[in-house]
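Colleague: Build the 3D model from these lines:
(one chain, ligands or ions: 1)
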Amino acid sequence: MQQHDSSPLLDYIEYPENEMLTRSEHFYQEIKRRHSIRKFSDRPVAREVIENCIKAAGTAPSGANHQPWHFAAVNSAEVKKQIREQAEEHERSFYAGRAGEEWLNALKPLGTDADKPYLEHAPWLIAIFSQKKGGIHADDSNTNYYVHESVGIATGFLINALHSSGLVTLTHTPKPMSFLSKVCNRPENERAYMLLVVGYPAEDATIPHHASVKKSLDEIATFL
Ligand code: IYR
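Modeller: Numbering: from 1, shown residues only. As a prediction, the model looks like this:
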């Protein structure tokens with residue numbers, strides 16, 4: 001290995017094999033309770049919880065550790081209203097035909113449409129941005145690597161952290177998403193990656209049957 005600064009791995013925890021097995025089973029049981037929710041309560045969620053979850057997302061691995069992401073956490077009713085209005089405008093043309101027949105058919109079992117009241121009802125929207133240029137320091141402007149992969153992993157960490165905290169989420173991808181840059185005051189070099197809707201579920205929240213059909217281990221994995 002090349003000469004480089006490093007420190008010993010002090011925070012690794014090894015579990016006995018039987019405990020490893022029960023922990024992996026427990027994690028599976030926990031994460032399979034995570035569902036995309038489209039009806040949110042307007043109950044507030046403390047900013048500190050959101051901060052902790054974003055800190056967790058920020059520990060994700062990334063290309064050259066450049067951490068090419070930005071999380072704009074929106075709690076302001078005014079900003080949420082702007083996001084809802086602009087998202088719904090795009091969604092209306094999407095559902096009116098821009099998506100194409102095949103895509104619209106694929107969405108039918110989810111029951112989604114252009115109305116997005118949850119963008120105002122949910123206490124928090126987290127707009128995730130990716131950075132093509134950056135570096136390990138916030139003000140660097142070097143090339144970033146594996147940006148999509150890195151931001152995808154961080155987003156996964158964030159969803160997991162929010163779920164573990166007892167909140168529900170929706171991964172929302174209005175198409176196009178570029179309006180988020182302006183609404184969230186983000187610079188030119190960043191691209192909107194995803195909008196996460198975060199909060200408590202409404203009392204009458206439901207899960208579409210289609211969304212709970214998960215492929216079996218055999219269908220998603222091979223062991224060589
Ligand atoms: N962005 C639209 C459409 C949509 C697209 C996919 I792919 C989904 O899995 C769900 C919805 C919307 O949010 O309604």
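Colleague: Next, give phi and psi for residue 121.
Modeller: phi -70, psi -40 (degrees, to the nearest 10).
Colleague: correct me, but it touches residue 40?
Modeller: Yes - when contacts are counted by Cβ atoms under 8 Å, residue 121 is listed as touching residue 40 (4.8 Å). Where you see a C-beta, it was placed from the backbone N, CA and C, and this is true even at glycine.
Colleague: And the two? Which one has more around it.
Modeller: When residue 121 and residue 40 are compared on other Cβ atoms under 10 Å, the one with more neighbours turns out to be residue 40, at 25 against 17.
Colleague: I'd guessed that one sits against residue 116; true?
Modeller: No - using Cβ under 8 Å, residue 40 is not in contact with residue 116, being 10.7 Å away.
Colleague: on that earlier part again, shared neighbours of residue 121 and residue 40, anything?
Modeller: 199, 202 (Cβ atoms under 8 Å, 6 or more residues apart in numbering).
Colleague: show me the contacts for residue 181.
Modeller: 129, 187-188, 190-192.
Colleague: tell me which element it is part of?
Modeller: Residue 181 is part of helix 179-183, with elements assigned from DSSP states H and E.
Colleague: so does that helix get close to the ligand?
Modeller: No - with Cβ under 6 Å from any ligand atom as the criterion, the ligand is not reached by helix 179-183; the gap is at least 12.9 Å.
Colleague: For that helix, buried residues please.
Modeller: In terms of neighbour count (16 or more other Cβ atoms under 10 Å), helix 179-183 has its buried residues at 179-181, 183.
Colleague: Dump those to CSV, plus distance to residue 78 and pLDDT.
Modeller: Shown next, in CSV, are the buried residues of helix 179-183 (distance: Cβ to Cβ, whole Å; pLDDT from 0 to 100):
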residue, distance to residue 78, pLDDT
179, 15, 97
180, 15, 98
181, 17, 97
183, 10, 98
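Colleague: which of these lies closest to residue 20?
Modeller: For these, the minimum distance to residue 20 (Cβ to Cβ) is 40.7 Å, reached by residue 180.
Colleague: where exactly do the helices run in this structure?
Modeller: Ranges of helices in the chain, per DSSP state H, are 17-31, 47-57, 77-93, 101-107, 118-121, 147-165, 179-183, 217-220.
Colleague: for the fifth one, packing partners?
Modeller: If you count contacts as 3 or more Cβ pairs under 8 Å, 6 or more residues apart in numbering; DSSP states H and E, helix 118-121 packs onto helix 77-93, strand 190-199.
Colleague: of all the ones you listed, which gets the most neighbours per residue?
Modeller: strand 190-199 (a mean of 22; mean count of other Cβ atoms under 10 Å).
Colleague: does the ligand sit close to that one?
Modeller: No - interface with the ligand: strand 190-199 contributes nothing (Cβ under 6 Å from any ligand atom), its closest point being 9.1 Å away.
Colleague: who touches the most centrally placed residue in the chain in this structure?
Modeller: In the chain, the residue lying closest to the centroid (Cα atoms, centre = their mean) is residue 155, at 4.1 Å. Counting by Cβ under 8 Å, 6+ apart, residue 155 makes contact with 57, 128, 171, 193-194, 196.
Colleague: same deal with residue 170?
Modeller: When contacts are taken as Cβ under 8 Å, 6+ apart, residue 170 is in contact with 36-38, 118, 196-197.
Colleague: go again using 6 Å as the cut-off
Modeller: 36-37, 197 (Cβ atoms under 6 Å, 6 or more residues apart in numbering).
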